[in-house]
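1. here's my sequence, what's the structure:
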Amino acid sequence: MSHPIKSKSIPYGRQTITDADIDSVVTVLKSDFLTQGPSIAIFEKKFAEYVGAKYAVALSNGTAALHLCAMALNVTKNSRVITTPITFAASANCVRYCGGEVHFADIDPDTFLLDIHKVRALLEQHPKSYFQGIIPVDFAGNAVDLEAFRKLADEFGCWIIEDACHAPGGYFTDSKNQQQKCGNGNFANLAIFSFHPVKHIATGEGGMITTNDKALYEKLLLLRTHGITKDASLFKNTPEEVAQGPWYYEMQELGYNYRLTDFQAALGTSQMERADANLERRKIIAKRYDAAFKDQDVAAPLSIPGHAYHLYVIRVNNRLGLYEHLRANNIFAQVHYVPVHLMPYYAQFGFKKGDFPAAEAYYEKCLSIPMYHSLSDDDQEYVIDTINQFY
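-> Just a heads-up that it's a prediction; the model follows:
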C-alpha cells in the first residue's frame, strides 16, 4: 500500500543539538579561551573515563588522530601495515601520510570486520619482521575481538591501532567473559575516535586518541602542537639557552596543528552527558529493524552484543533501484564503503578487482539506512514501509 511522501528528508545519520549543548558552547564563547584552554582537558578526562582508558588526546578530526598514531608508532617508508578494505580511506591513508606501505586483508562475510584468519595467512606468507602494524576497524559499531588480534600481533611483533570511530560505547566480550570497551587500551596500543556530526558524539569536526601508554601519550601531545613544548622538565637545550626567560619553548619534533577548539570540546563534553542514553536508543532502533527485515531480499546485519550501531547496514538485491526509490520518498541512504583497494590511488600499488572477494561481495549489496538516536518511531516506520513497498 502506498503512503504519502514525507515532506522532511530523513538522512542516514545526523547530529542532535540540545539547548544544553548550545549553552555550553555560548559559555566558552564568552570566556577567555576559544582554543588551548581548560575545556580541552575536561573533555579528554571525561572521554577517557567513558571508554576506560588512562589517557586521551583531543584532536581536530579522526583523520588527524590516525595520522598522529602512525607518527607516534614510527611509521616510515620502511613500514608495512595491514588494514581492512571496508573502511573509510583514512584508515589506510594514515600509513601513506608517513610513507608506509598499506596491505589489505579480506573481511569476514558475516561480521564485515577484518578477518583475523586472513590477517594470519598474510602474516605467515612473510618473515616475522616484514609487517609492523595492524589497523582493525570497529566497522558500523561492531567491535573487533582485540584480545585475539593482540595475541596475533604479539606473535608477529606488530603494534595495533584500533579505529573505533564507529564504536564509542561499544564492546566485545573477552575469553574471561569480561566486556572490553572499544578504545580502553587493554589490547590496542592506540585507539582513535571521530566526532563528525553523524557519529555518536558530535563536535562539528573532532577526534580523540586513547591509550594506556604514557610514553605514547606524551609523544602525541607534542605532535599535536607543532612538536613544541613549554614544559621545562622536557627541555633538551643547555641550561644557558633555557634561561633566556619564561617565554622560552622548544620545537622538538616536526609536528602539526591538530588542536581541537575549546568550544568544540565544550560541545563534546555536553554531548557525553547523553552518550549512554543515545546508545541505548540506537539499540532499540536496531531491534525494530531486525524484526522488520526477515525477508530474504533484505538481509539484516548480525545482532551482536556490544554493537554500538553507528550504521545499520542491510544487504539487498537491486541496491540501485532501492536507493533511488528511497530518495524519491525523501529517504537518503548511503553506501559504506567503496572498498579502499578499488580506489584509483591504490591501484598504483597493484590492487585490483578480485583481490578481496568477501569485501567486494559485501560492497555489491550493502546499503546504510537511517540510524541515529533522534530518529523517531514514526520516521523509522516510514523507512521500513518504504523498503517493504519496494520489495
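2. output the below-cut-off pLDDT ranges for this protein.
-> Scanning the chain for pLDDT under 70 picks out 1-2, 296.
3. mind running it again at 90?
-> Within the chain, the segments meeting pLDDT under 90 span 1-4, 6-7, 232-233, 238-247, 294-297.
4. tell me the contacts of the closest residue to Phe293 other than its chain neighbours?
-> Distances taken as Cβ to Cβ, 6 or more residues apart in numbering place Ala300 nearest to Phe293, at 4.4 Å, with adjacent residues excluded. (Glycine included, C-beta is placed from N, CA and C.) Residues near Ala300 by Cβ atoms under 8 Å, 6 or more residues apart in numbering: 289-290, 293-294, 314.
5. can you turn the buried part of the residues you listed into a ChimeraX selection?
-> The following ChimeraX line selects those of those that are buried, judged by 16 or more other Cβ atoms under 10 Å:
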select :289,293,314
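6. farthest pair in the contacts of Ala300?
-> Greatest spacing in these, by Cβ to Cβ: Lys294 and Ile314 (11.7 Å).
7. residue ranges for the helices of the stretch 101-250 of the chain, please.
-> Per DSSP state H, counting those that start in this stretch, the stretch 101-250 of the chain carries helices over the ranges 116-124, 146-155, 214-224, 239-242.
8. tally of neighbours for Pro239?
-> If you count neighbours by other Cβ atoms under 10 Å, Pro239 ends up with 7.
9. ok, now how distant is it from Ser233?
-> 13 Å (Cβ to Cβ, to the nearest Å).
10. next: Ser7.
-> Ser7 is 61 Å from Ser233, by Cβ to Cβ.
11. buried ones in stretch 155-168?
-> Across stretch 155-168, burial judged by 16+ other Cβ under 10 Å covers 156, 158-168.
12. one more: stretch 357-376?
-> Using 16+ other Cβ under 10 Å as the test for burial, stretch 357-376 gives 358-360, 362-363, 366-373, 375.
13. over to stretch 77-95?
-> Taking 16+ other Cβ under 10 Å as the criterion, stretch 77-95 shows 79-88, 90-95 as buried.
14. can you flag which of the residues you listed belong to helices?
-> Among the buried residues of stretch 77-95, the members falling in helices are 90-95 (criterion: DSSP state H).
15. let's have those residues in CSV, adding distance to Ala202.
-> Compiled in CSV, these are given as follows (distance: Cβ to Cβ, whole Å):
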residue, distance to Ala202
Ala90, 18
Ser91, 20
Ala92, 25
Asn93, 23
Cys94, 22
Val95, 27
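16. which one of the residues you listed is nearest Arg274?
-> Ala90 (26.5 Å).
17. element containing the residue nearest to the closest one when sequence neighbours are not counted, please.
-> Using Cβ to Cβ, 6+ apart and skipping residues adjacent in sequence, the residue nearest Ala90 is Thr63, 4.3 Å away. Per DSSP states H and E, Thr63 falls inside helix 62-72.
18. Leu279 now?
-> With DSSP H and E as the criterion, Leu279 is inside helix 275-292.
19. show me which positions of that helix end up buried.
-> Buried, per 16+ other Cβ under 10 Å, within helix 275-292: 275, 278-279, 281-283, 285-286, 288-289, 292.
20. a markdown table for these, including distance to Phe390?
-> Below are the buried residues of helix 275-292 laid out as a markdown table (distance: Cβ to Cβ, whole Å):
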| residue | distance to Phe390 |
| --- | --- |
| Ala275 | 34 |
| Asn278 | 29 |
| Leu279 | 30 |
| Arg281 | 26 |
| Arg282 | 24 |
| Lys283 | 26 |
| Ile285 | 20 |
| Ala286 | 21 |
| Arg288 | 18 |
| Tyr289 | 15 |
| Ala292 | 13 |
